[in-house]
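Asks: sequence unavailable; structure follows:
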């Protein structure tokens, strides 16, 4: 279902760590490693595991810009 | 200065649109286009313009995961 | 495509206001009115208009709790 | 004290899970279940428990829109 | 009404700029200037103006840490 | 490296609590206590500890305003 969030970075889960309430997911996106903290419940419902092809999704208002 | 935000996506500004309060910045990061909405004041203070080498920065708690 | 964001509130667009960079969308969800600020580009790409059946989506870490 | 956050969804706590740093609160809002992740300290200071009448509060810039 | 958001910074509005959808509010908090972007509707409903004593409110999960 | 996030509150770490995935950092900023929830990995990489001089960083779109 189309979503207003503008940023989609497709990659492969390289590492996932589950705790009681949250899970930490590291996604390999080309040369970058994108890290996400989501609920443990979502990680379980999506059955996330290392090697899964997934997409990191980010709302544009959450992205900052840094310039050297 | 090192920052706790875990996600850094380096790229080049492909498009920038300035409004009264905000600015919309589109950053080419490899095959992805990362879009950011920041304040107009920050865009001006950083003197952001097309062609600038910049980094998109995102806190891990702002990243969602989607799985087909 | 399943998404980790846990909150989905289905409703009908009651009002939409478009500006240069952003759009303000008011969604009737039962007795509540849910307001969202998204990019103008997303509002246009999704062709959002009054009367559309849509879903407001919110990441759990963005929800606060207030108690009287 | 009036707050700028535009979204208030009143409901009843259906489930609460406390961990070391965070707490996961599930709030029944009509036919929807709203899930919130807040600090354990706030959950304790507000003495949140199942059955409490509370309000989920969300800033408009944190709400995305999905359209089928 | 008590809110789970843990950060409250009390100060005085030093500058406010209203646009169609959003407003930019600059709040003097001791030696710091705290800047907030909220909806124009909230700025109007709260009747925000220069000189108002207000509180900047931030959820703990939105705060990053930088170390020199 | 200059960052678009507009809010910087300099202070001293008064308390830090590490869990599996996250860390809770309390920073004394003048008369205010600013609380931040970041990843455990960032807390470790920055080697955060009580007494450190740090800066709390917040994007303007994450700041709400409350008025009595």
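Replies: Structure received. Given the structure is predicted, the values throughout are model-derived calculations rather than measurements.

Asks: wait, isn't residue A:9 in contact with residue A:28?
Replies: No - shown here, residue A:9 and residue A:28 do not form a contact pair, counting by C-beta atoms under 8 Å, at 10.2 Å. Where you see a C-beta, it was placed from the backbone N, CA and C, and this is true even at glycine.

Asks: who touches both of those two?
Replies: Between them, residue A:9 and residue A:28 share these contacting residues under C-beta atoms under 8 Å, 6 or more residues apart in numbering or on different chains: residue A:34.

Asks: neighbour-wise, which of these two wins?
Replies: residue A:9 (23 against 13; other C-beta atoms under 10 Å in any protein chain shown).

Asks: mind checking the SS state of that one?
Replies: The local conformation at residue A:9, judged by DSSP: H, G, I helix; E, B strand; the rest coil, is strand.

Asks: who does it bridge with?
Replies: Following DSSP bridges, residue A:9 is listed with bridge partners residue A:56.

Asks: for it, give me the pLDDT.
Replies: What the model reports for residue A:9 is a pLDDT of 97.

Asks: roughly how far does it sit from residue B:16?
Replies: With distances taken as C-beta to C-beta, to the nearest Å, residue A:9 is found 20 Å from residue B:16.

Asks: what does residue A:56 give?
Replies: For residue A:56, the distance to residue B:16 equals 23 Å [C-beta to C-beta].

Asks: those two: who's more crowded?
Replies: Each of residue A:56 and residue B:16 has its neighbours counted (other C-beta under 10 Å); residue A:56 has more, 24 against 19.

Asks: what sits against the closest residue in space to residue A:58 that isn't next to it in sequence?
Replies: On the basis of C-beta to C-beta, 6 or more residues apart in numbering or on different chains, the spatially nearest residue to residue A:58 that is not a chain neighbour turns out to be residue A:7, at 4.1 Å. By C-beta under 8 Å, 6+ apart, the contact list for residue A:7 reads A:56-60, A:63, B:32, B:34-35.

Asks: residue ranges of the helices in chain A, please?
Replies: A:40-45 (DSSP state H).

Asks: just give the number of residues close to residue A:47.
Replies: Per other C-beta under 10 Å, the neighbour tally for residue A:47 reads 9.

Asks: excluding covalently adjacent residues, which one is nearest to it?
Replies: If the residues on either side of it in the chain are set aside, residue A:47 comes closest to residue B:67, at 8.0 Å by C-beta to C-beta, 6+ apart.

Asks: residues of chain A that sit close to chain D?
Replies: For chain A, the residues in contact with chain D (C-beta under 8 Å from any C-beta of the partner chain) are A:1-5, A:19-22, A:39, A:41, A:59, A:61.

Asks: go again with 10 Å.
Replies: Within chain A, the positions lying close to chain D (C-beta under 10 Å from any C-beta of the partner chain) are A:1-6, A:19-22, A:37-42, A:57, A:59-62.

Asks: ok, now how distant is residue A:42 from residue D:35?
Replies: With distances taken as C-beta to C-beta, residue A:42 is found 9 Å from residue D:35.
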